[in-house]
Every structure is written in structure tokens, then in C-alpha cells.
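[1] Sequence first, predicted model second:
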Amino acid sequence: MATNEALNAATNGYTNGHADTERHPKEKEDVATARPTVQIFLQPIAPPAALGLAGFAGSTFITSAWICAWYGNAHSPTIFFPFIGIFGGVAQFIAGLFGFKARDTLVTVINTMWGSFWIAIGILYAFVPAGIVPPHSIYTHFPELAVWFVPLTLFTWSGAIAATARDLVLSACLFSLAIGCTIACGLFAYGEGVRSVIKAAAYFWMFSSLCAWWRVTVYLIEEAYGPNHFITKFFPICRTPIEKAGPSVSSGYGEPGVKRGVPRPEER
């Protein structure tokens with residue numbers, strides 16, 4: 001009982017039932033204006049960009065190769081879109097959400113957006129065999145899908161510009177993706193030219209997926225061998241001076257925190 005009374009007294013600012021008026025005014029002012037002590041608790045996680053780029057690379061390559069008529073037929077999406085919806089959609093979307101925890105704005109925006117796209121496409125193509133949505137050729141006038149590429153294009157261009165502060169491979173990945181999305185807006189058009197337009201976009205997407213695969217490989221190699229191992233030297237990504245000079249831990253905007261973890265070669 002005595003303990004509870006002491007806690008209640010301390011909580012309410014009282015001692016032995018009387019208000020605490022003995023504290024010096026200067027001391028009260030110092031307490032009121034003192035900067036609060038901040039503690040940061042680190043919880044290491046794998047770079048969410050690795051999973052996000054892996055899901056993006058797999059789903060984008062499979063779909064782009066099909067659009068370029070490298071394999072399959074009109075019914076192929078019914079078979080491959082379940083995998084794309086899960087790996088390229090759900091997994092990439094989750095990676096984007098973990099971008100919040102890693103304080104990686106680029107991952108948060110790009111991977112959640114493209115994860116949402118692949119989830120939506122997977123659901124859309126699942127509706128076709130169910131008879132809910134009529135089939136529609138990707139090589140013809142398709143304004144309902146073309147309008148999706150408007151926000152995808154805008155935000156991907158924004159991400160591509162931001163990626164120029166990181167490394168050449170990631171920049172190439174997002175720039176080629178943005179170019180492909182810009183071309184894909186040609187689905188608003190009519191006529192046979194749409195087939196050539198969407199195929200041209202698919203080749204840019206395919207190159208983007210290969211760049212994403214290379215970037216994921218570097219994540220894996222650097223984690224396995226370290227950034228200074230001789231094997232790692234065979235997997236260059238050409239980090240920018242801004243990325244190399246960036247601090248491993250930064251305070252963020254008005255609040256302390258941990259910036260994204262990226263292994264960097266030691267200075268020699």
C-alpha cells in the first residue's frame with residue numbers, strides 16, 4: 001500500500017500529501033527547457049530493396065518476354081500471373097512497407113507502387129478465366145490500362161532521378177523502367193502501331209529487370225563476402241560520390257533515427 005501511495009504522489013507531483021513547492025524556480029525552468037534525452041534502439045533487418053528488386057525483376061522479365069512474343073500465347077497469363085501476383089506483387093509490396101522501417105523513401109515509394117501494380121494485374125487476369133472480365137489483347141487500344149501508366153510513369157521518373165544519388169545500376173534500372181512506362185502510354189492510341197509501341201516498352205522493361213537482378217546479386221554478394229572481398233569486385237554497381245560519402249547513421253528531418261543500411265567499401 002505504501003508503494004502505491006508513493007507512486008500516486010510522485011505521479012501527481014505531490015510528496016507526503018503536499019504540493020512540491022520546495023523546488024528552486026531556476027531548476028524548474030531548466031527542466032522545462034532541457035532537450036529531452038533520446039535513445040535509439042537498433043533492430044537490424046535485411047535491406048528491403050533486395051526483396052523488392054528481386055520481386056520486380058522476376059515479374060517484369062516474365063511479363064516482358066511474353067509481350068515480346070518470346071514464348072506462350074494469349075492464354076499464358078492465366079498460368080504465370082499467380083506467381084507474378086505473389087512474388088512481384090505481394091512480396092514486393094511487403095518490401096516496400098519495410099522501407100518505412102529502413103527509412104528508405106525510394107524503396108517505400110517505388111516498391112509499394114509497383115507491388116500494387118502487379119497485385120492488381122494478377123487479380124485482373126484472374127478475373128478473365130472466371131468470366132468476370134472479358135479478355136483484351138495487350139496489343140490493341142487499351143485506355144483503361146494505359147491510364148495506369150500515367151502515375152506509374154510520373155513516380156518512376158521521380159525515383160529514377162533520386163536514384164542518380166545512389167549508384168549507376170539502380171539508376172539504369174529505374175530510368176529504363178520509366179522510359180518503358182512512358183512508351184506504354186501509347187496504349188491510348190489506335191491502330192496496328194500499338195503492337196510496336198508495347199513491344200518497344202517491353203524491351204525497356206526487360207533491360208530494367210536485368211539491372212534489378214544485377215543489383216540484387218550485389219546485395220547478396222556484399223552480405224556474403226563483405227564489400228572489400230575480391231569476389232565483390234567482380235560485381236560493380238558504380239556507387240556515386242554522394243552515396244560513398246553519405247553517413248551510415250543520420251538524424252533524419254527533425255528526429256533522430258537510423259538511415260538505410262548499405263555496406264560500403266572501407267577507405268584505403
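    Great, that's in hand. Numbers count the residues shown, from 1 in each chain.
[2] Below-threshold pLDDT in the stretch 1-150 of the chain: ranges please.
    Residue ranges of the stretch 1-150 of the chain with pLDDT under 70: 1-43.
[3] Could you pull out the strands in it for me?
    14-15, 18-19 (DSSP state E, counting those that start in this stretch).
[4] so how far is residue 93 from residue 65?
    23 Å (Cβ to Cβ, to the nearest Å). The way it works is simple: take the backbone N, C-alpha and C, and place the C-beta from them, glycine included.
[5] Quick one: the helices in the chain, in order.
    Under the criterion DSSP state H, helices of the chain are mapped to 2-12, 25-33, 48-67, 77-83, 92-101, 105-127, 143-146, 149-163, 168-184, 193-225, 241-245.
[6] okay if I get these as a markdown table plus mean neighbour count and distance to residue 136?
    Output for the helices of the chain, formatted as a markdown table (neighbours: other Cβ atoms under 10 Å; distance: least, Cβ to Cβ, whole Å):
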| stretch | mean neighbour count | distance to residue 136 |
| --- | --- | --- |
| helix 2-12 | 10 | 65 |
| helix 25-33 | 9 | 65 |
| helix 48-67 | 24 | 14 |
| helix 77-83 | 17 | 11 |
| helix 92-101 | 20 | 24 |
| helix 105-127 | 20 | 10 |
| helix 143-146 | 13 | 8 |
| helix 149-163 | 18 | 15 |
| helix 168-184 | 23 | 15 |
| helix 193-225 | 19 | 12 |
| helix 241-245 | 11 | 42 |
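[7] what would those helices look like in a markdown table with distance to residue 133?
    Converted to a markdown table, the helices of the chain look like this (distance: least, Cβ to Cβ, whole Å):
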| stretch | distance to residue 133 |
| --- | --- |
| helix 2-12 | 61 |
| helix 25-33 | 63 |
| helix 48-67 | 18 |
| helix 77-83 | 12 |
| helix 92-101 | 22 |
| helix 105-127 | 4 |
| helix 143-146 | 10 |
| helix 149-163 | 19 |
| helix 168-184 | 20 |
| helix 193-225 | 19 |
| helix 241-245 | 44 |
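[8] Can you check which of these gets nearest to residue 137?
    helix 193-225 (8.9 Å; Cβ to Cβ).
[9] For the closest one, name the packing helices and strands.
    Judged by 3 or more Cβ pairs under 8 Å, 6 or more residues apart in numbering; DSSP states H and E, the packing partners of helix 193-225 are helix 48-67, helix 168-184.
[10] thinking residue 215 is in contact with residue 168, fair?
    No. If you go by Cβ atoms under 8 Å, residue 215 and residue 168 don't touch, sitting 10.0 Å apart.
[11] center of this structure - which residue?
    residue 107 (2.3 Å; Cα atoms, centre = their mean).
[12] Surely it is in contact with residue 97?
    No. Counting by Cβ under 8 Å, residue 107 stays clear of residue 97, with 9.5 Å between them.
[13] Name the residues contacting each of the two.
    residue 48 (Cβ atoms under 8 Å, 6 or more residues apart in numbering).
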